[in-house]
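A.B. asks: Coordinates only, no sequence provided:
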């Protein structure tokens, strides 16, 4: 049931489903034109192994089949004849169904100079962007007053792939609160992958700010909103209840940044493909992306979320630097919300989801000092995320994933139900260990009762006690996980640990330590688990975060078929040999 719900969420939430005869496009001018400053993000792969490092070909083909054309110059119109922008084949649904991993593209770098406030502009622009919203622009601009624009553009726009767009655009731009742009476009296009918003815009109405557009009342279900390149300030959405999804995204080939996203009393909105960080003091643990309990059916995907534009330098931060930049990534409340394929960098807490029916999928949380992930609502899925590089800046313990219950009697009372935590990768540190690196706890389920939890196919590489811990689990499973000391040490931790559970199955795991005992009275079953005493003998390269088994590993064919998931963390069908392998990978 959870998998079906996840796929439905992916299709309905992450695909533009237009119910209108024709949908409208809107364009929002920045409060301050770009280019947007900020160090481009380095590539971090969500791939399940170090050897399999390219996006899946099936996903590339699906993206290419639905890729938009080059961005054309917008013209004034109250509606747009974009009837073809409903996607024929939801790429995200394909990825979710096939359990594929995505790779965050490496962005380009460049510089730009700006002179004058408005006027005649000519020049050449080279742009590289990724569907996480990263990228940079180089070129030159000069002039004063309103005037005519001409030039040529060569770029690469990539979602899970890359492409080239070339052409010539000329026209005249005027506008104040609601501006208009007229012009013509010619050229050739070769594009594969833009994140799933449909064809590029051709006609639409331009507004001077996002607030002006929201106040106009013109946006309806199925419409699209394109943020033009530059700084847009704080994005606040309130009282926008749409009957079908409205997509808010960057203009193709341009980079837009907002100071934060706040959503109240709103429904059916997709926020996609731009940068989110504060331009002000970052203190206060305020979340850069925040939705409240009166919202529902929101999607946040392909966003570049940072505490500050310089969060890419977090590895060099001192404790003082961390405290001076202490903001969190996402705090999401309300039912049926999705946070997917985002990069979250240099934050306190990473992604916290409070509402029911949440989907947290294929995000990268790189550099944090609180908790990487939380899911506190029933019927939620936390799948294929990567959490790495934690830092200790105060006395709080850090967890890659944490949940608790908060019933009538306070924290630890009540029951949290129906969570799936699968195919996540949790690394306390990657590369050189920071002097203020934390001792990271993996999957922590301490305070509460946890019913119908499935914890499977996860990799946890830490040095703290709790690799996977569940207290008062009911009808739950901990199956085929790899829980290993980050330095390869044998001993007492990290452990898989149970306390006070009933009807619990713990099987087919590879772990440094196991604190689970068979209990026929409480129906606790521990079976086919491998305690690792020498990580070098068991794994391809635990120092390289490659936890596939060696052919001589004790985990090969050590699992039981009756409890093993049908596929491993890579999507490989189990078993390949006479029985399933123990751990997250089906290697032989």
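C.D. replies: Sure thing, it's come through. Everything numeric here is computed off the predicted structure, so don't read it as measured data.
A.B. asks: mind checking how far residue 570 is from residue 581?
C.D. replies: In this structure, residue 570 lies at 12 Å from residue 581, with C-beta to C-beta, to the nearest Å as the measure. Any C-beta I mention is one placed from the backbone N, CA and C, and that applies to glycine too.
A.B. asks: do the same with residue 314
C.D. replies: Between residue 314 and residue 581 the computed distance is 36 Å (C-beta to C-beta).
A.B. asks: shouldn't residue 246 be in contact with residue 223?
C.D. replies: Yes. Applying C-beta atoms under 8 Å as the test, residue 246 and residue 223 come out as touching, 5.3 Å apart.
A.B. asks: pLDDT weak spots in the stretch 251-400 of the chain?
C.D. replies: Of all residues in the stretch 251-400 of the chain, those with pLDDT under 70 make up the ranges 280-285.
A.B. asks: Secondary structure class of residue 313, three-state.
C.D. replies: Here residue 313 is helix, with the state taken from DSSP: H, G, I helix; E, B strand; the rest coil.
A.B. asks: hang on, the earlier thing: okay, residue 314 and residue 581: which has more neighbours?
C.D. replies: Ranked by neighbour count (other C-beta atoms under 10 Å), residue 314 and residue 581 place residue 581 first, with 28 against 23.
A.B. asks: How is that one assigned, secondary-structure-wise?
C.D. replies: On the basis of three-state DSSP, residue 581 is classed as coil.
A.B. asks: three-state assignment of residue 536?
C.D. replies: helix.
A.B. asks: Let me see the contact set for it.
C.D. replies: With contacts defined as C-beta atoms under 8 Å, 6 or more residues apart in numbering, residue 536 is in contact with 488, 542.
A.B. asks: what comes up buried for stretch 571-580?
C.D. replies: 571-572, 574-575, 579-580 (16 or more other C-beta atoms under 10 Å).
A.B. asks: That should have said stretch 490-509, apologies.
C.D. replies: Neighbour count says stretch 490-509 has 493-498, 501-502, 504-509 buried, by 16+ other C-beta under 10 Å.
A.B. asks: What ranges in the chain fall below the confidence cut-off?
C.D. replies: Within the chain, the segments meeting pLDDT under 70 span 1-22, 47-196, 280-285.
A.B. asks: Now with 80, please.
C.D. replies: 1-22, 47-197, 279-285 (pLDDT under 80).
A.B. asks: ranges for the helices of it?
C.D. replies: Counting by DSSP state H, one finds helices in the chain at the ranges 2-14, 57-65, 91-98, 210-216, 319-324, 535-538.
A.B. asks: Which other helices and strands does the fourth one contact?
C.D. replies: The contact analysis (3 or more C-beta pairs under 8 Å, 6 or more residues apart in numbering; DSSP states H and E) places helix 210-216 against strand 25-28, strand 224-227, strand 234-238.
A.B. asks: List the contacts of stretch 566-582.
C.D. replies: With C-beta under 8 Å, 6+ apart, stretch 566-582 has contacts from 48-49, 52, 98-100, 423, 425, 457-459, 480, 508-510, 528-530, 549, 553-561, 564-565, 584-588.
A.B. asks: re the thing from before, now for the buried residues of stretch 571-580: which two are most distant?
C.D. replies: Of all pairs drawn from these, the one with the largest separation by C-beta to C-beta is 571 and 579; the distance is 19.1 Å.
A.B. asks: Can you tell me who the closest residue to residue 331 other than its chain neighbours pairs with across the strands?
C.D. replies: Once its chain neighbours are removed from consideration, residue 331 has its nearest residue in residue 287; the separation is 3.6 Å (C-beta to C-beta, 6 or more residues apart in numbering). Per DSSP bridges, residues listed as beta-bridge partners of residue 287: residue 328.
A.B. asks: for residue 206, same thing?
C.D. replies: If you apply DSSP bridges, the partners that residue 206 bridges to are residue 27, residue 179.
A.B. asks: That one reaches residue 30, doesn't it?
C.D. replies: No. Using C-beta under 8 Å, residue 206 makes no contact with residue 30, being 11.6 Å away.
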